[in-house]
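# Below are the sequence and a predicted model for it; my questions follow.
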Amino acid sequence: MNVIQTRLPGVVIIEPRVFGDHRGFFLESFSAERYKQDAGIELDFVQDNHSRSVKGVLRGLHFQKNHPQGKLVSVSRGAVLDVAVDINPESATFGEHVAVELSDDNHRQLYIPPGYAHGFCVLSDTVDFSYKCTDYYYPEDEAGLAWNCPEVGIEWPVETPALSEKDQHYPGLSELVNQLKGTS
Ligand SMILES: Cc1cn([C@H]2C[C@H](O)[C@@H](COP(=O)(O)OP(=O)(O)O[C@H]3O[C@H](C)C(=O)[C@H](O)[C@H]3O)O2)c(=O)[nH]c1=O
């Protein structure tokens with residue numbers, strides 16, 4: 001497999017080895033030892049998630065405050081623009097983001113370590129989105145960053161995405177940092 005470092009510490013693009021033949025293809029979507037050795041994923045995964053979305057949907061930008069999750073994300077059918085944002089004010093890349101197209105054509109995965117905000121926008125008619133998490137879901141611990149925060153400046157492929165109710169009301173980066181510090 002091929003691992004591509006990004007500008008965000010620990011966020012890596014993984015290109016599994018794909019075995020194609022007249023029947024179709026085969027790939028190993030995860031291997032604990034190889035992903036630890038080659039992609040630097042030291043944490044164990046404890047929960048797998050699967051969501052299906054239609055074109056124009058945007059889910060994000062989410063994170064858990066006290067139970068931050070590392071996420072190994074991939075697309076089994078369709079295509080998304082997947083985004084990770086550095087929300088750590090102590091980080092040298094604070095406020096920066098990485099945006100990567102993941103699809104059932106390029107078979108790319110993205111590993112996002114704990115401490116980043118994550119989201120994606122659907123490019124295909126539908127998408128089946130799967131990801132492994134390094135901690136469990138704690139609904140009371142959920143938080144988010146506004147998908148269209150001008151301080152981050154993500155160039156989403158849609159101007160008016162379909163959002164969940166909660167995804168319409170998250171704060172921008174400066175307000176988020178103040179909230180997390182308890183100063184607002
Ligand atoms: C995340 C999650 C949700 N749920 C339940 C809670 C809701 O009743 C329902 C839909 O949840 P939500 O609208 O938060 O789902 P997404 O908008 O896809 O959230 C995810 O979207 C972005 C892309 C992420 O990176 C996170 O993994 C996650 O926040 O599933 C669960 O039961 N377990 C879970 O782990």
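Yep, it's here.

# where do the strands sit along the protein?
Per DSSP state E, the chain has strands spanning 2-5, 12-15, 18-21, 24-27, 47-54, 58-64, 71-77, 79-86, 97-103, 109-112, 116-122, 126-133, 142-144. These are given in chain order.

# average pLDDT across the first one?
Read it as strand 2-5. The pLDDT scores in strand 2-5 average 98.

# swap in the last one?
Within the predicted structure, the mean pLDDT of strand 142-144 is 97.

# quick revisit: tabulate the strands of the chain (a markdown table), appending mean neighbour count.
For glycine as for every other residue, the C-beta is placed from the backbone atoms N, C-alpha and C. Formatted as a markdown table, the entries for those read as follows, by neighbours: other C-beta atoms under 10 Å:
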| stretch | mean neighbour count |
| --- | --- |
| strand 2-5 | 13 |
| strand 12-15 | 20 |
| strand 18-21 | 10 |
| strand 24-27 | 10 |
| strand 47-54 | 13 |
| strand 58-64 | 23 |
| strand 71-77 | 21 |
| strand 79-86 | 25 |
| strand 97-103 | 20 |
| strand 109-112 | 26 |
| strand 116-122 | 25 |
| strand 126-133 | 19 |
| strand 142-144 | 17 |
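
# Would you mind putting those strands into CSV with distance to residue 34 alongside?
Conversion of the strands of the chain to CSV gives the following (distance: least, C-beta to C-beta, whole Å):
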stretch, distance to residue 34
strand 2-5, 10
strand 12-15, 10
strand 18-21, 15
strand 24-27, 12
strand 47-54, 18
strand 58-64, 27
strand 71-77, 12
strand 79-86, 21
strand 97-103, 19
strand 109-112, 12
strand 116-122, 23
strand 126-133, 14
strand 142-144, 31
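
# now those strands as CSV including distance to the ligand?
Formatted as CSV, the strands of the chain follow (distance: least, C-beta to the nearest ligand atom, whole Å):
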stretch, distance to the ligand
strand 2-5, 20
strand 12-15, 17
strand 18-21, 25
strand 24-27, 22
strand 47-54, 5
strand 58-64, 3
strand 71-77, 6
strand 79-86, 8
strand 97-103, 12
strand 109-112, 8
strand 116-122, 4
strand 126-133, 7
strand 142-144, 6
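
# Which strand residues bridge the spatially most central residue of the chain?
Using C-alpha atoms, centre = their mean, the residue of the chain that lies closest to the mean C-alpha position is residue 118, 4.1 Å off. In this entry, residue 118 is beta-bridged to residue 62, residue 84, by DSSP bridges.

# quick one, what contacts residue 161?
56, 57, 58, 121, 147 (C-beta atoms under 8 Å, 6 or more residues apart in numbering).

# Report the separation between it and residue 36.
35 Å (C-beta to C-beta, to the nearest Å).

# what does residue 175 give?
For residue 175, the distance to residue 36 under the criterion C-beta to C-beta works out to 37 Å.
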